[in-house]
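[1] Structure, please.
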Amino acid sequence: MSALTKAALICGSGSMIILISILINLPFFVQIILLLCGLAVSVYGVFSLVKMVIHPVKKESIAPPDEKIVIPTKKKKRPSSTL
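    Alright, predicted model coming up:
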(Lines give C-alpha, C1' and ligand atoms only; values in the text may rest on other atoms or scores of the structure.)
Protein backbone atom coordinates (compact mmCIF):
# COMPACT_ATOMS: atom_id res chain seq x y z
CA MET A 1 0.00 0.00 0.00
CA SER A 2 1.40 3.37 -0.94
CA ALA A 3 2.05 6.14 1.55
CA LEU A 4 -0.60 8.31 -0.10
CA THR A 5 -3.24 5.61 0.42
CA LYS A 6 -2.24 5.18 4.06
CA ALA A 7 -2.46 8.91 4.75
CA ALA A 8 -5.86 9.13 3.07
CA LEU A 9 -7.14 6.19 5.13
CA ILE A 10 -5.90 7.84 8.32
CA CYS A 11 -7.81 11.04 7.46
CA GLY A 12 -10.94 9.03 6.68
CA SER A 13 -10.76 7.02 9.88
CA GLY A 14 -10.47 10.20 11.93
CA SER A 15 -13.56 11.56 10.23
CA MET A 16 -15.42 8.32 10.90
CA ILE A 17 -14.51 8.46 14.60
CA ILE A 18 -15.95 11.98 14.76
CA LEU A 19 -19.11 10.90 12.91
CA ILE A 20 -19.65 7.86 15.16
CA SER A 21 -19.16 9.95 18.29
CA ILE A 22 -21.89 12.32 17.11
CA LEU A 23 -24.38 9.70 15.90
CA ILE A 24 -24.24 7.22 18.79
CA ASN A 25 -25.95 8.23 22.00
CA LEU A 26 -23.09 8.05 24.49
CA PRO A 27 -22.38 9.90 27.73
CA PHE A 28 -21.13 13.45 27.21
CA PHE A 29 -17.64 12.70 28.57
CA VAL A 30 -17.18 9.76 26.18
CA GLN A 31 -18.38 11.86 23.22
CA ILE A 32 -15.83 14.57 24.00
CA ILE A 33 -13.04 11.98 24.25
CA LEU A 34 -14.04 10.44 20.89
CA LEU A 35 -14.28 13.86 19.25
CA LEU A 36 -10.80 14.79 20.44
CA CYS A 37 -9.36 11.44 19.34
CA GLY A 38 -10.98 11.75 15.91
CA LEU A 39 -9.68 15.28 15.55
CA ALA A 40 -6.16 14.17 16.48
CA VAL A 41 -6.25 11.29 13.96
CA SER A 42 -7.55 13.58 11.20
CA VAL A 43 -4.91 16.21 11.89
CA TYR A 44 -2.19 13.54 11.80
CA GLY A 45 -3.49 12.30 8.42
CA VAL A 46 -3.58 15.81 6.98
CA PHE A 47 -0.08 16.42 8.31
CA SER A 48 1.11 13.26 6.54
CA LEU A 49 -0.50 14.38 3.27
CA VAL A 50 1.03 17.86 3.49
CA LYS A 51 4.43 16.35 4.26
CA MET A 52 4.19 14.21 1.11
CA VAL A 53 3.31 17.26 -1.00
CA ILE A 54 6.20 19.32 0.38
CA HIS A 55 8.78 16.51 0.24
CA PRO A 56 7.78 14.09 -2.53
CA VAL A 57 9.32 10.63 -2.54
CA LYS A 58 11.88 10.17 -5.29
CA LYS A 59 10.97 7.12 -7.34
CA GLU A 60 13.82 4.78 -8.18
CA SER A 61 13.82 2.75 -11.35
CA ILE A 62 13.99 -1.01 -11.00
CA ALA A 63 16.92 -1.41 -13.41
CA PRO A 64 20.28 0.07 -12.39
CA PRO A 65 21.27 3.12 -14.49
CA ASP A 66 24.29 1.28 -15.93
CA GLU A 67 22.16 -1.29 -17.73
CA LYS A 68 20.62 -0.39 -21.05
CA ILE A 69 16.94 -1.13 -21.42
CA VAL A 70 16.30 -3.02 -24.64
CA ILE A 71 12.86 -2.61 -26.15
CA PRO A 72 11.97 -5.58 -28.36
CA THR A 73 10.82 -4.72 -31.85
CA LYS A 74 7.52 -6.03 -33.14
CA LYS A 75 7.67 -8.53 -35.97
CA LYS A 76 5.44 -7.99 -38.95
CA LYS A 77 2.80 -10.63 -39.40
CA ARG A 78 2.47 -12.22 -42.78
CA PRO A 79 -0.97 -12.02 -44.28
CA SER A 80 -2.62 -15.39 -44.14
CA SER A 81 -3.58 -16.83 -47.48
CA THR A 82 -6.95 -18.49 -47.79
CA LEU A 83 -7.54 -21.25 -50.34
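[2] So for residue 13, what's the pLDDT?
    As predicted, residue 13 sits at a pLDDT of 91.
[3] mind checking the longest helix of this protein?
    Once the chain is assigned using DSSP state H, the helix that runs over the most residues is helix 28-54.
[4] In contact with residue 41: list those residues for me.
    Residues in contact with residue 41 (Cβ atoms under 8 Å, 6 or more residues apart in numbering) are 10, 13-14, 17. (C-beta placed from N, C-alpha, C; glycine too.)
[5] List the buried residues for the helix-or-strand element of the chain with minimal mean pLDDT?
    None of the helices or strands of the chain scores lower by mean pLDDT, DSSP states H and E than helix 3-23, at a mean of 88. Across helix 3-23, burial judged by 16 or more other Cβ atoms under 10 Å covers 7, 10-11, 14, 17-18, 21.
[6] what angle separates that helix from helix 28-54?
    With axes from the mean of the first three to the mean of the last three Cα atoms, to 10 degrees as the basis, helix 3-23 and helix 28-54 are set at 160 degrees to each other.
[7] got a list of contacts for helix 3-23?
    With Cβ under 8 Å, 6+ apart, helix 3-23 has contacts from 30-31, 34-35, 37-46, 48-49, 52, 57.
[8] any weak-confidence spans in the protein?
    In the prediction, the chain carries residues with pLDDT under 70 at positions 59-69, 81-83.
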